[in-house]
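Trainee: need coordinates for the below:
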Amino acid sequence: MESVIEHELELALVLSPERSIPVPARLSYRADDPYAVHILFHLGSACPVSWTFSRELLAEGVFRPCGHGDVRIWPAKVSGRSVICVALSSSDGEALLEAPASPVASWLERTLRVVSAGEEGERLALDEHLDKLFAPCAPDDPWLRDGRGGRDEGPDGCA
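Mentor: Okay, the predicted model is just below:
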């Protein structure tokens, strides 16, 4: 099964209600980073711009307004076409982009076939990693006893 799902498309950077300019972009999803979607703008340019945000945010934004802060997404009709509006904000400025709804929804559906909503944590084996992280350390571990770990140790031999 695919572990990377990508789709290139042209977004519209809205400059005013009457004017927009095309921006080539690539949507990208990686199964090894299952909570995130990535959008790379200005493909082929010397300075592409990348944004990463929650796949869940994009999935919700296809149907209703969502997000606050740096990324906001909502569905809209523009000249009779269904679009997904994406408002991005950073210390460098703000941008309003319009993406054609159908290709975005199709791409999103492909990502959900790779890792279903709600199964992202299983893909990452978060519980297993947390168990290892919070497992009690053995006081007789020589690495801890002789201080080679470079950390201060408590009376029980744990850092």
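Trainee: list the buried residues of the longest helix along the chain.
Mentor: Longest helix of the chain, by residue count under DSSP state H: helix 101-114. Residues A101, V104, A105, W107, L108, T111, V114 are the ones in helix 101-114 that count as buried (16 or more other Cβ atoms under 10 Å). Yep, even glycine has a C-beta here, placed from its N, CA and C like the rest.
Trainee: quick one: the helices in this structure?
Mentor: 55-61, 101-114, 120-124, 126-134, 142-145.
Trainee: and of the ones you listed, who's closest to I5?
Mentor: Closest of those to I5 is helix 101-114, at 4.9 Å (criterion: Cβ to Cβ).
Trainee: one step back: nearest to S20, of the helices of the chain?
Mentor: helix 101-114 (15.8 Å).
Trainee: please save the CA atoms from the closest one in PDB.
Mentor: C-alpha atoms of helix 101-114 as PDB (Å, rounded to 0.1, in the frame of the first residue of the first chain):
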ATOM      1  CA  ALA A 101     -12.700  21.300  -3.900                       C
ATOM      2  CA  SER A 102     -13.000  18.100  -5.900                       C
ATOM      3  CA  PRO A 103      -9.300  17.300  -6.300                       C
ATOM      4  CA  VAL A 104      -8.600  18.200  -2.600                       C
ATOM      5  CA  ALA A 105     -11.500  16.000  -1.400                       C
ATOM      6  CA  SER A 106     -10.300  13.100  -3.700                       C
ATOM      7  CA  TRP A 107      -6.700  13.400  -2.500                       C
ATOM      8  CA  LEU A 108      -7.900  13.500   1.200                       C
ATOM      9  CA  GLU A 109     -10.000  10.400   0.600                       C
ATOM     10  CA  ARG A 110      -6.900   8.600  -0.700                       C
ATOM     11  CA  THR A 111      -5.000   9.500   2.500                       C
ATOM     12  CA  LEU A 112      -7.800   8.100   4.600                       C
ATOM     13  CA  ARG A 113      -7.600   4.800   2.700                       C
ATOM     14  CA  VAL A 114      -3.900   4.600   3.800                       C
END
